[in-house]
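**Q** The sequence isn't on hand, but the structure is:
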């Protein structure tokens, strides 16, 4: 007896079908089934624990929620990056094995093993097709190029398996977790090792295939980097309570009230040299402007709504919550892909623009705009550094290190360097990405510089442990960065409205 269970959350909905524990017959007997392929034998008994399988393949609409939540790459056939209106309920395609795995991890599920897939399709009576022994027709499967395209999921009710799973024959091939090893199937012989390179098994056939290739026992091997219009997937879980359970990241917020502040630099002319060349220098464009920092002028007023900004840059420990929940790639400097206790409270680095946007989208936050960052760093009194108008020292900020021995420090270890609003590490340690494109002043938030989709250089703020002089740590200092760059001295902090 089958049981269908629906999981409704704010993220994504699935129809789940319970597949009961017990034995089933896997593979084909070449004597009994003359059309069977060689890799389907020997036929053998497999005992599986209970699991739940999604009743249908994952649709474009479901996958779109994943893409919007994580910033994951969109399938290339989405027109303008958007799901075509008439294909929302078609199975998502043009996704490779890694794409499918990342979706599954994001929603708390996984890909089925090929044993789980086959049991869901044929039940315990060894049937040839999900609906029984009769050859397929146009009423129970999309096959044989009868339509020449994918169809919406779930419309072939006559093709339902004995457990109540739909679309297990035709329409799209479905990724499984299993490497293509010879039979008999053994869970512990390495074929379920996700880190082993090799061809993975796809099941079910697709809309181009003949009836022979949409049998329950039919198996094909495809390398995991393959993407095509007829390759999709579905997911399984051992525990429905884990689906869409997102770990919350604990940000410590500092509230910044609404109001106006002066943004940028404006220096009073002084006869002769600048007061301190190390921190101010002499501009080639005129005396007493900060050397090579003419991108900070003219000084101008900016009005901001109230907002909340994280007290510290995002740490490795916080970023790890995101990577574990979504399966997103980890920064390359984590030993064996894991955050060590020593690194946990350091700012996360070696992340690029796309990585940061994926983190922000998933956790419901965003990068600060450039004026939001500067207002939180300098307050409303126009101070030069977060702590005031006197130059930094090693008690106030992490800066002035060399490229041989320099490194980040844990966040929050320089309380004397805090800003008027209580932010730590807005000077030194790591340059911080902001959401604004690198454009001349005066700042204008409606001129396109806050369009996250533009392929422009964006602004960095705050200086880093590499910064040789305190002038780079000033609240008005601006630098620029390319979207694809990842370095050991570039991190970020986040904001929310309110």
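**A** Yep, that arrived. Just so it is clear, the model here is predicted, and its values are computed rather than measured.

**Q** Now stretch 450-464: buried residues?
**A** For stretch 450-464, the neighbour count (16 or more other CB atoms under 10 Å) marks 450, 452, 456, 457, 458, 459, 460, 461, 462, 463, 464 as buried. Just so you know, the C-beta spots here come from the backbone N, C-alpha and C atoms, and that holds for glycine as well.

**Q** So for it, mean pLDDT?
**A** Confidence for stretch 450-464, expressed as mean pLDDT, is 88.

**Q** which residues are contacting stretch 126-145?
**A** The contact list for stretch 126-145 (CB atoms under 8 Å, 6 or more residues apart in numbering) reads 24-25, 33, 121-122, 146, 150-151, 156, 158-162, 165, 168-171, 205-211, 214-217.

**Q** Can you select the buried ones among those for me in ChimeraX?
**A** Only the buried entries of the contacts of stretch 126-145 go into this ChimeraX selection, using 16+ other CB under 10 Å:
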select :24,25,33,121,122,150,151,156,159,160,161,162,165,168,169,170,171,205,206,207,208,209,211,214,215,216,217
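
**Q** which ones among the contacts of stretch 126-145 are found in helices?
**A** Using DSSP state H, the subset of these located in helices is 121, 122.

**Q** Which of the buried residues of stretch 450-464 lies at the shortest distance from residue 312?
**A** residue 462 (11.8 Å; CB to CB).

**Q** That closest one reaches residue 428, doesn't it?
**A** Yes: assessed by CB atoms under 8 Å, residue 462 is found in contact with residue 428 at 7.0 Å.

**Q** and for the two, which residues touch both?
**A** Common contacts of residue 462 and residue 428 (CB under 8 Å, 6+ apart): residue 473.

**Q** residue contacts, the nearest residue to residue 252 once chain neighbours are set aside?
**A** Leaving out its chain neighbours, the residue that sits closest to residue 252 by CB to CB, 6 or more residues apart in numbering is residue 311, at 4.4 Å. Listed by CB under 8 Å, 6+ apart, the contact set of residue 311 reads 251, 252, 253, 254, 412, 422, 423, 424.

**Q** can you give me the helices in the stretch 51-200 of the chain?
**A** Along the stretch 51-200 of the chain, counting by DSSP state H, counting those that start in this stretch, helices occupy 60-70, 97-106, 114-122.

**Q** I'd like to know which of the ones you listed is closest to residue 231.
**A** Ranking the helices of the stretch 51-200 of the chain by distance to residue 231, with CB to CB as the measure, places helix 97-106 first at 9.0 Å.

**Q** Output the contacting helices and strands for the closest one.
**A** The contact analysis (3 or more CB pairs under 8 Å, 6 or more residues apart in numbering; DSSP states H and E) places helix 97-106 against helix 60-70, strand 173-179, helix 316-326.

**Q** Looking at the ones you listed, which one is packed in the most?
**A** Ranked by mean neighbour count, those are led by strand 173-179 with a mean of 26 (mean count of other CB atoms under 10 Å).

**Q** So what are the sheet partners of it and their directions?
**A** Strand 173-179 pairs in its sheet with strand 200-203 (antiparallel), strand 231-232 (parallel), by DSSP bridges.

**Q** can I assume residue 476 is in contact with residue 295?
**A** No: counting by CB under 8 Å, residue 476 stays clear of residue 295, with 9.6 Å between them.

**Q** all helices of the stretch 351-498 of the chain, in order?
**A** Counting by DSSP H, counting those that start in this stretch, one finds helices in the stretch 351-498 of the chain at the ranges 353-363, 370-378.

**Q** so who does residue 22 touch?
**A** 47, 48, 124.

**Q** and with 10 Å instead?
**A** Applying CB atoms under 10 Å, 6 or more residues apart in numbering to residue 22 gives the contacts 46, 47, 48, 49, 50, 119, 124.

**Q** Look up how far residue 164 lies from the second one.
**A** The one in question is residue 47. 21 Å (CB to CB, to the nearest Å).

**Q** ditto for the fifth one
**A** The span separating residue 50 from residue 164 equals 15 Å under the rule CB to CB.

**Q** Which one's more surrounded, these two?
**A** Counted by other CB atoms under 10 Å, residue 50 and residue 164 do not tie: residue 164 has more neighbours, with 18 against 10.

**Q** how about the contacts of residue 22 in TSV, adding secondary structure, pLDDT and distance to residue 177?
**A** What follows is those, written out as TSV (DSSP: H, G, I helix; E, B strand; the rest coil; pLDDT from 0 to 100; distance: CB to CB, whole Å):
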residue	secondary structure	pLDDT	distance to residue 177
46	strand	96	15
47	strand	98	18
48	strand	98	14
49	coil	97	15
50	coil	97	17
119	helix	98	14
124	coil	95	22
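
**Q** Pipe those into CSV and attach distance to residue 443 per row.
**A** Output for these, formatted as CSV (distance: CB to CB, whole Å):
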residue, distance to residue 443
46, 64
47, 66
48, 60
49, 59
50, 58
119, 60
124, 67
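
**Q** Most neighbours among those residues, please name it.
**A** Scoring the contacts of residue 22 on neighbours with other CB under 10 Å, the highest-scoring entry is residue 119 at 26 neighbours.

**Q** What is the burial count for residue 230?
**A** Number of residues near residue 230 (other CB under 10 Å) recorded here: 19.

**Q** give the contact list for it.
**A** Contacts of residue 230 (CB under 10 Å, 6+ apart): 91, 93-94, 149-150, 170-173, 202, 205-209.

**Q** Which of the residues you listed sits closest to residue 234?
**A** Distances from residue 234 to the contacts of residue 230, taken as CB to CB, are shortest for residue 91 (8.6 Å).
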